[in-house]
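[1] build me a model from this:
(2 chains)
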Amino acid sequence: EAGVAQSPRYKIIEKRQSVAFWCNPISGHATLYWYQQILGQGPKLLIQFQNNGVVDDSQLPKDRFSAERLKGVDSTLKIQPAKLEDSAVYLCASRGTVNTEAFFGQGTRLTVV
Amino acid sequence: GNSVTQMEGPVTLSEEAFLTINCTYTATGYPSLFWYVQYPGEGLQLLLKATKADDKGSNKGFEATYRKETTSFHLEKGSVQVSDSAVYFCALSDSLRGSYIPTFGRGTSLIVHP
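    Here you go, the predicted model:
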């Protein structure tokens, strides 16, 4: 079974530029999460989708971050404009209805300079 | 709200030493508990889990027991190897309103020397 796929693996941008990350969850997983992991800290939830609907986006900085999952499968996370403090690893995870645990992709490491 | 507290690292051990990484939690419901491991440059991999009180999760020589009375889920291994060097995250997932939202601790770095 294929795991959670994310791209790109690495991205370097200048502050005030925009960037987008892509995630393809495990086939059949209705729940998809985006997490932000700052160096030396645990992952922090940004947004949770159930199919194509948002369940929780209370921690998403909506003035600059946006996410969508239009067809209930792939998802994109966008930052516009980026700030230096957005430098982090962005992790995508998915969960199936029979699982209590989430399965994670390898993440995208973003560096804002 | 939900939260997870882990012991601070790094934990530095010699090969074949005994490992304990402490984890305590606060949750409003009846959470499932997890340990994830993160190797350098990689995402998080599930190491083990326990879904109800007194359950013991185990995998690759690691164990953790869900202790509801002490709200703890400490990770243990009898004999660590150099290849166990990684960052370990304790997490909980609470089925509040039917949505499982994993909440993570800060992570504990483990360094094992030959």
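[2] once you drop chain neighbours, what's closest to residue 95?
    Reading this off chain A. Excluding the flanking residues, the one nearest residue A:95 by Cβ to Cβ, 6 or more residues apart in numbering or on different chains is residue A:31, at 4.2 Å. Glycine gets a C-beta too; all of them are placed from N, C-alpha and C.
[3] please go with chain B instead
    residue B:29 (6.4 Å).
[4] how many other residues sit next to that neighbour?
    By other Cβ atoms under 10 Å in any protein chain shown, 11 other residues sit near residue B:29.
[5] that one belongs to a helix, doesn't it?
    No. Looking at residue B:29 with DSSP: H, G, I helix; E, B strand; the rest coil, it is coil, so not inside a helix.
[6] distance check, it against chain A.
    According to Cβ to the nearest Cβ, to the nearest Å, residue B:29 stands 12 Å off from chain A.
[7] surely that residue meets residue B:93?
    No. Counting by Cβ atoms under 8 Å, residue B:29 sits too far from residue B:93 to count as a contact (10.0 Å).
[8] hey, what's the residue nearest to residue B:10 when sequence neighbours are not counted bridged with?
    Using Cβ to Cβ, 6+ apart and skipping residues adjacent in sequence, the residue nearest residue B:10 is residue B:109, 4.1 Å away. Per DSSP bridges, the residues bridged to residue B:109 are residue B:87.
[9] if you tally nearby residues, what's the number for residue B:109?
    Neighbour count of residue B:109, defined by other Cβ under 10 Å: 16.
[10] which residues of chain B score low on pLDDT?
    Flagging of chain B using pLDDT under 70 yields the residue ranges B:96-99.
[11] mind checking pLDDT for residue A:84?
    For residue A:84, the pLDDT comes out at 97.
[12] gap between it and chain B?
    For residue A:84, the distance to chain B equals 22 Å [Cβ to the nearest Cβ].
[13] so how many other residues sit close to that residue?
    10.
[14] for residue A:93, same thing?
    Number of residues near residue A:93 (other Cβ under 10 Å) recorded here: 27.
[15] check residue A:53 too.
    Residue A:53: 10 neighbours (other Cβ under 10 Å).
[16] name the nearest residue to residue A:43, ignoring sequence neighbours.
    Distances taken as Cβ to Cβ, 6+ apart place residue A:35 nearest to residue A:43, at 3.8 Å, with adjacent residues excluded.
[17] which element is the most centrally placed residue in chain A on?
    Centroid-nearest residue in chain A: residue A:34, 3.1 Å away (criterion: Cα atoms, centre = their mean). Using DSSP states H and E, residue A:34 sits in strand A:31-37.
[18] give me the mean pLDDT for that strand.
    So the average pLDDT for strand A:31-37 ends up being 96.
[19] in chain B, what residue comes closest to chain A?
    Chain A sits closest to residue B:104 of chain B, with a gap of 3.7 Å, by Cβ to the nearest Cβ.
[20] for that residue, which non-adjacent residue is closest in space?
    Nearest to residue B:104 is residue A:42, by Cβ to Cβ, 6+ apart, at 3.7 Å.
[21] confidence score at that neighbour?
    On pLDDT, residue A:42 comes in at 92.
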